[in-house]
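*Asks:* Below are the sequence and a predicted model for it; my questions follow.
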Amino acid sequence: METIDSILQVILAVIVVFLVLMHSGKDSGLSGAFGVGSGQGPLGGGSLVERNLNRWTVFFSVLFFVNAIVLLKAPWG
């Protein structure tokens, strides 16, 4: 079970790094790559693509954090 959690942690880490690197700085990033304007919506994201990218990043970051806690607190660790 520890091996499965460890492999899952590495996969989650790679996904989180990939998602963070896809985020934009000021005028670049995923929304700039698709030619979407830099207009700001009510929640801070410029476009639907950026808002979804934010949601996926938060989702996988929470999974990464929870899995790290499980690895630290598990009886086999």
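*Replies:* Thanks, I have the structure now.
*Asks:* The lengthiest helix in the chain packs against which elements?
*Replies:* In the chain, with assignment by DSSP state H, the single longest helix is helix 48-73. Applying 3 or more Cβ pairs under 8 Å, 6 or more residues apart in numbering; DSSP states H and E, we find helix 48-73 packed against helix 2-22, helix 30-33. (Glycine included, C-beta is placed from N, CA and C.)
*Asks:* pLDDT of the shortest one, averaged?
*Replies:* Taken as a whole, helix 30-33 has an average pLDDT of 56.
*Asks:* before we move on, back to that, out of the helices and strands packed on helix 48-73, which is closest to P75?
*Replies:* Nearest to P75 among the helices and strands packed on helix 48-73 is helix 2-22; the distance by Cβ to Cβ comes to 9.8 Å.
*Asks:* Count the neighbours of S61 for me.
*Replies:* 15 (other Cβ atoms under 10 Å).
*Asks:* and L71, how far is that from E50?
*Replies:* Using Cβ to Cβ, to the nearest Å, one gets 31 Å for the distance from L71 to E50.
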